[in-house]
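Participant: for reference, the sequence and a predicted model appear below.
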Amino acid sequence: MENNIFHLQYAMDTFYFLVCGALVMWMAAGFAMLESGLVRAKNTTEILTKNVALYSISCIMYLVCGYYFMYGGGIFLSGIESVDVAGTLSDFAGRDGGFEGGSIYSGASDFFFQVVFVATAMSIVSGAVAERMKLWAFLLFAVVMTGFIYPVEGGWTWGGNDVLGLYNLGDLGFSDFAGSGIVHMAGAAAALAGVILLGARKGKYGPNGEIHAITGANLPLATLGTFILWMGWFGFNGGSVLKLGDIANANSVAMVFLNTNAAAAGGLVAALFVARILFGKADLTMALNGALAGLVAITAEPSTPTALGATLIGAVGGVIVVFSIITLDKLKIDDPVGAISVHGVVGLFGLLVVPLTNDGASFSGQIIGALTIFTWVFVLSLFVWFLIKLVIGLRVSEEEEYEGVDLAECGMEAYPEFTSSK
């Protein structure tokens with residue numbers, strides 16, 4: 001009887017992990033659609049190429065070395081194998097990919113769930129450096145980001161190890177349930193470093209400090225991308241429960257889904273109202289970023305707030321993102337899709353509100369964790385971006401930027417009937 005229960009629980013938890021991983025993988029499509037909708041038509045093919053290529057690079061680099069840096073294991077180094085389920089629950093404890101924190105699942109499913117998170121962090125970078133970065137410079141950075149920079153800071157947090165001799169942040173009272181800081185703020189820190197070295201798009205800022213809006217080419221596509229991300233986030237947060245095969249965890253999963261949805265709704269409505277007050281119009285792009293901000297804000301702790309609390313957390317995130325986008329523009333930090341504000345500034349906010357509902361976290365631990373993650377990712381990314389700039393350069397020529405990076409980098413246009421460069 002015990003073996004039957006164990007086999008069923010193992011199958012349920014592994015299957016749940018895989019389905020949630022597939023949902024997170026689908027977020028890659030969401031990022032691709034969102035970003036291609038918010039850039040100009042002449043830059044669409046390149047942004048799509050970046051998104052599909054970065055996902056593939058992430059999968060390979062995490063397989064080769066990233067998982068090792070994050071968890072001390074890897075397919076090529078020690079093996080990520082499905083466990084032998086012939087044993088009982090008691091003798092299963094402690095085995096590779098096995099009974100960890102009460103969760104039973106295949107080691108391969110754990111790897112798959114983790115690798116799609118790596119790709120998510122790298123996707124954040126893509127939109128922030130859009131419309132003026134060389135394709136191969138971006139892809140070269142993706143190799144380092146997904147193979148080393150992200151996995152190391154992940155090892156200090158979720159990995160529970162002391163890679164490179166640093167402390168385990170969890171011992172200091174740091175908690176990040178699904179990655180407001182570990183994934184989202186890390187991606188934004190890497191993006192910020194790249195944007196600083198890259199500079200703004202031509203024509204974005206005038207000589208007297210004026211800001212010129214550069215509108216996206218396809219807002220229906222951007223809206224579709226937001227809905228895809230919203231859907232994928234249920235796997236992002238829900239899968240981070242790690243388990244489904246008992247009553248307590250099933251209830252926890254349901255609460256995480258409820259709070260994730262509530263926070264997104266709160267973020268969108270709040271951003272829409274703030275945009276109406278500030279601009280006198282219902283700004284769709286601000287509303288979309290408000291929904292994403294709500295999702296990022298709740299990701300650090302979606303299991304302990306009430307549904308109303310999650311809505312309020314998301315709403316505050318929606319307010320923050322509008323003012324952050326405006327502020328970064330005034331500082332002449334050109335982010336075409338608002339990724340640094342959505343994932344970085346709101347990601348920090350998400351970390352700081354965790355102790356309000358989770359007594360296992362402390363404000364000091366959250367601040368130390370946030371500073372550690374940001375400093376590591378930003379400094380290393382700045383160094384890598386700078387090396388790439390010295391070797392092959394970061395930015396396309398002014399003429400190529402004017403004509404669009406689709407032709408310069410990919411040799412084809414996404415909408416050839418509508419965007420003729422001749």
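Facilitator: Here it is on my side, so go on.

Participant: wait, E413 touches E46, no?
Facilitator: No: with contact defined as Cβ atoms under 8 Å, E413 does not count as touching E46 (10.2 Å). In this view, the C-beta of every residue, glycine as well, is placed from N, C-alpha and C.

Participant: so which of the two has more stuff around it?
Facilitator: Using other Cβ atoms under 10 Å, the more surrounded residue of E413 and E46 is E46, with 28 against 19.

Participant: neighbours around N3, how many?
Facilitator: 12.

Participant: pLDDT at it, what is it?
Facilitator: Turning to N3, the model gives it a pLDDT of 73.

Participant: helix or strand for it, which one?
Facilitator: helix 2-38 (DSSP states H and E).

Participant: now for that helix, which elements pack on it?
Facilitator: helix 44-61, helix 89-92, helix 107-128, helix 219-238 (3 or more Cβ pairs under 8 Å, 6 or more residues apart in numbering; DSSP states H and E).

Participant: out of those, which gets the lowest mean score?
Facilitator: Set side by side, the helices and strands packed on helix 2-38 give their lowest mean pLDDT on helix 89-92, at a mean of 37.

Participant: mean confidence score for the helix or strand hosting T311?
Facilitator: For T311, the host element (DSSP H and E) is helix 307-330. Averaged across helix 307-330, pLDDT comes to 98.

Participant: and if you look at stretch 177-187?
Facilitator: 97.

Participant: residues in contact with it?
Facilitator: With contacts defined as Cβ atoms under 8 Å, 6 or more residues apart in numbering, stretch 177-187 is touched by 117, 120-125, 149-150, 153-154, 157-158, 176, 236-237, 240, 296-297, 299-303, 339, 342-344, 346-348, 350-351, 354, 369-370, 373-374, 377.

Participant: what are the ranges of the helices in the stretch 301-422 of the chain?
Facilitator: Secondary structure of the stretch 301-422 of the chain (DSSP state H, counting those that start in this stretch): helices at 307-330, 339, 346-352, 363-391, 398-403, 405.

Participant: columns distance to N208 on top of the ones you listed, output as a markdown table?
Facilitator: A markdown table is the format used below for the helices of the stretch 301-422 of the chain (distance: least, Cβ to Cβ, whole Å):
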| stretch | distance to N208 |
| --- | --- |
| helix 307-330 | 13 |
| helix 339 | 27 |
| helix 346-352 | 31 |
| helix 363-391 | 28 |
| helix 398-403 | 21 |
| helix 405 | 28 |
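
Participant: quick one, which of those is nearest to A142?
Facilitator: Closest of the helices of the stretch 301-422 of the chain to A142 is helix 363-391, at 10.3 Å (criterion: Cβ to Cβ).

Participant: which elements pack onto the closest one?
Facilitator: helix 135-144, helix 150-157, helix 186-198, helix 346-352.

Participant: just name the most buried of these.
Facilitator: Most buried of the helices and strands packed on helix 363-391, by mean neighbour count (mean count of other Cβ atoms under 10 Å): helix 346-352, with a mean of 28.

Participant: anything in contact with each of E413 and E46?
Facilitator: D406.

Participant: residue ranges with poor pLDDT in the stretch 151-300 of the chain?
Facilitator: Applying pLDDT under 70 to the stretch 151-300 of the chain picks out residues 160-167.

Participant: if we use 80, what do you get?
Facilitator: Residues of the stretch 151-300 of the chain meeting the criterion pLDDT under 80: 159-167, 245.

Participant: can you give me the helices in it?
Facilitator: 186-198, 219-238, 247-279, 284-299.

Participant: can you tell me which of those helices is most buried?
Facilitator: Most buried among those, counting by mean count of other Cβ under 10 Å: helix 284-299, with a mean of 30.

Participant: so P151 sits against Y62, correct?
Facilitator: Yes: counting by Cβ under 8 Å, Y62 is a contact partner of P151 at 7.0 Å.

Participant: can you list residues touching both of the two?
Facilitator: Counting by Cβ under 8 Å, 6+ apart, the residues touching both P151 and Y62 are V118.

Participant: how about the contacts made by the closest residue to V19 other than its chain neighbours?
Facilitator: In space, and not counting its chain neighbours, V19 is closest to G235: 7.1 Å by Cβ to Cβ, 6 or more residues apart in numbering. By Cβ under 8 Å, 6+ apart, the residues touching G235 are 19-24, 26-27.

Participant: give me the buried entries from those residues.
Facilitator: With neighbours counted by 16 or more other Cβ atoms under 10 Å, the contacts of G235 contain buried members at 19-21, 23-24, 27.

Participant: of these, closest to G404?
Facilitator: Nearest to G404 among the buried ones among the contacts of G235, with distances taken as Cβ to Cβ, is M27, at 26.4 Å.

Participant: quick one: pLDDT of that closest one?
Facilitator: We have a pLDDT of 98 for M27.

Participant: was I right about it contacting L229?
Facilitator: Yes: the criterion here is Cβ under 8 Å, and M27 meets it with L229 at 5.5 Å.

Participant: can you get me a residue count around the residue lying closest to A297 once chain neighbours are set aside?
Facilitator: Distances taken as Cβ to Cβ, 6+ apart place G317 nearest to A297, at 3.3 Å, with adjacent residues excluded. Residues near G317, counting by other Cβ under 10 Å, number 34.
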